[in-house]
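Visitor: just a sequence and a predicted model for now, questions to come.
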Amino acid sequence: MRQELLSLPKGLAEEVSKNLVMVARLIDEDPEQAYAYSRIALRLASRVAAVREAAGFAAYATQKYSEALAEFRAAKRMTGSVELWPVMADCERGLGRPERALAMAGEPEVQKLDKAGQVEMRLVAAGARRDQGQLEAAIVTLQSPELASNAVQPWTARLRYAYADALLAAGREDEAREWFGKALEADKDGATDASDRLAELDGVEFVDAAIDPSDDEDQDGIAHLADDEDADDEDEDDEDAAEVAAAERAADVTEYYDEDDEEYEPLEQSAADAEGRGDKA
């Protein structure tokens with residue numbers, strides 16, 4: 001990235017770099033704010049591949065999958081690298097197109113990925129199978145030498161977790177418990193909630209120690225407060241219903257694109273959206 005920024009005037013390079021640092025710092029804690037910084041960097045240096053990639057990840061973190069896909073495609077064109085292939089496929093899943101994600105899993109680009117990238121692609125493909133209701137196929141997709149290996153790699157916990165989750169969804173609870181346990185063993189950084197899933201399977205319930213269940217007066221007060229809050233929420237919901245519906249319809253048809261991206265395909269407008277806008281077929 002530093003080499004790419006050297007192509008910019010010094011002052012501009014420093015400004016872009018500051019915004020990219022903020023994207024990296026905030027993307028997990030405050031993805032919306034990270035996205036805002038990425039847009040600034042993009043306005044300043046849209047022809048820098050690292051900027052397009054950062055903008056893609058920020059959009060991806062905020063579930064703006066169409067925008068993220070356009071940015072990843074732009075970065076791929078600029079660099080010729082295939083390392084973004086798995087996340088591009090996952091964007092297709094986010095856009096409700098699991099069949100495209102599966103098609104990408106069979107493309108030659110996958111063979112050019114490093115081991116981590118190939119495992120990531122396997123996770124995306126398994127997710128696409130689940131999107132299509134093909135649980136057993138998802139389980140088979142995750143079965144691999146990497147899953148069977150006792151060696152712990154950066155991807156091991158997530159791979160084992162995905163396998164356990166698929167087993168559980170298929171009703172294979174005993175096997176799922178075993179693999180959640182294996183995921184927990186490999187999850188040194190707490191990247192998954194395998195411990196919570198194991199507790200759920202074992203029927204363990206967590207109680208907030210700050211609340212004393214024996215204090216009936218406090219419980220009554222909490223209950224009344226909750227009722228009042230629910231009533232207020234209902235009033236606000238009624239008042240804002242029309243605005244929310246309009247915003248959702250607008251979001252459904254809003255499509256980001258890269259003007260240089262020949263692969264861009266806008267999402268089709270639904271009949272409900274067309275009717276809401278008074279469009280005629």
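Guide: Received the coordinates, thanks. Numbers count the residues shown, from 1 in each chain.
Visitor: for residue 67, see how far away residue 59 is.
Guide: Between residue 59 and residue 67 the computed distance is 4 Å (C-beta to C-beta, to the nearest Å). Backbone N, C-alpha and C define where each C-beta goes, glycine included.
Visitor: err, residue 134, not the other one
Guide: Distance, residue 134 to residue 67, by C-beta to C-beta: 28 Å.
Visitor: ditto for residue 18
Guide: Residue 18 sits at a distance of 22 Å from residue 67 (criterion: C-beta to C-beta).
Visitor: also residue 141?
Guide: Residue 141 sits 28 Å away from residue 67, going by C-beta to C-beta.
Visitor: repeat for residue 39
Guide: Following C-beta to C-beta, the distance that separates residue 39 from residue 67 is 10 Å.
Visitor: next: residue 145.
Guide: 36 Å.
Visitor: okay, those two: which has more neighbours?
Guide: More crowded of residue 145 and residue 67, by other C-beta atoms under 10 Å: residue 67, with 23 against 6.
Visitor: got the buried residues for the strand or helix carrying that one?
Guide: Following DSSP states H and E, one finds residue 67 within helix 65-79. Buried residues in helix 65-79, counted by 16 or more other C-beta atoms under 10 Å: 65-76, 78.
Visitor: a markdown table for those residues, including distance to residue 3 and pLDDT?
Guide: As requested, the buried residues of helix 65-79 are arranged in a markdown table below (distance: C-beta to C-beta, whole Å; pLDDT from 0 to 100):
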| residue | distance to residue 3 | pLDDT |
| --- | --- | --- |
| 65 | 29 | 98 |
| 66 | 30 | 98 |
| 67 | 26 | 98 |
| 68 | 24 | 98 |
| 69 | 26 | 98 |
| 70 | 24 | 97 |
| 71 | 20 | 98 |
| 72 | 20 | 98 |
| 73 | 22 | 97 |
| 74 | 18 | 97 |
| 75 | 15 | 96 |
| 76 | 18 | 97 |
| 78 | 13 | 94 |
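Visitor: can I get the residues you listed in CSV including distance to residue 201?
Guide: CSV is the format used below for the buried residues of helix 65-79 (distance: C-beta to C-beta, whole Å):
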residue, distance to residue 201
65, 32
66, 37
67, 38
68, 34
69, 36
70, 41
71, 39
72, 36
73, 41
74, 44
75, 41
76, 41
78, 46
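Visitor: close enough to count as contact, residue 161 and residue 192?
Guide: Yes. Residue 161 is within contact range of residue 192, at 4.4 Å (criterion: C-beta atoms under 8 Å).
Visitor: shared neighbours of the two, anything?
Guide: Common contacts of residue 161 and residue 192 (C-beta atoms under 8 Å, 6 or more residues apart in numbering): residue 183.
Visitor: neighbour count for these two, which is higher?
Guide: Applying other C-beta under 10 Å to residue 161 and residue 192 shows that residue 161 carries more neighbours, namely 23 against 20.
Visitor: that one sits in which helix or strand?
Guide: Assigned by DSSP H and E, residue 161 belongs to helix 156-169.
Visitor: so where's the chain uncertain?
Guide: Residue ranges of the chain with pLDDT under 70: 1-2, 205-281.
Visitor: 50 instead?
Guide: The chain contains residues with pLDDT under 50 at 217, 222-223, 225, 239-281.
Visitor: how close does the closest residue to residue 47 other than its chain neighbours get to residue 43?
Guide: Nearest-residue entry for residue 47: residue 78, 7.8 Å, with adjacent residues in sequence omitted and distances by C-beta to C-beta, 6 or more residues apart in numbering. Note on residue 78: its distance to residue 43, by C-beta to C-beta, is 17 Å.
Visitor: buried ones in the helix or strand hosting residue 140, by neighbour count?
Guide: When elements are assigned from DSSP H and E, residue 140 belongs to helix 135-142. For helix 135-142, burial by neighbour count (16+ other C-beta under 10 Å) applies to 135, 137-139, 141-142.
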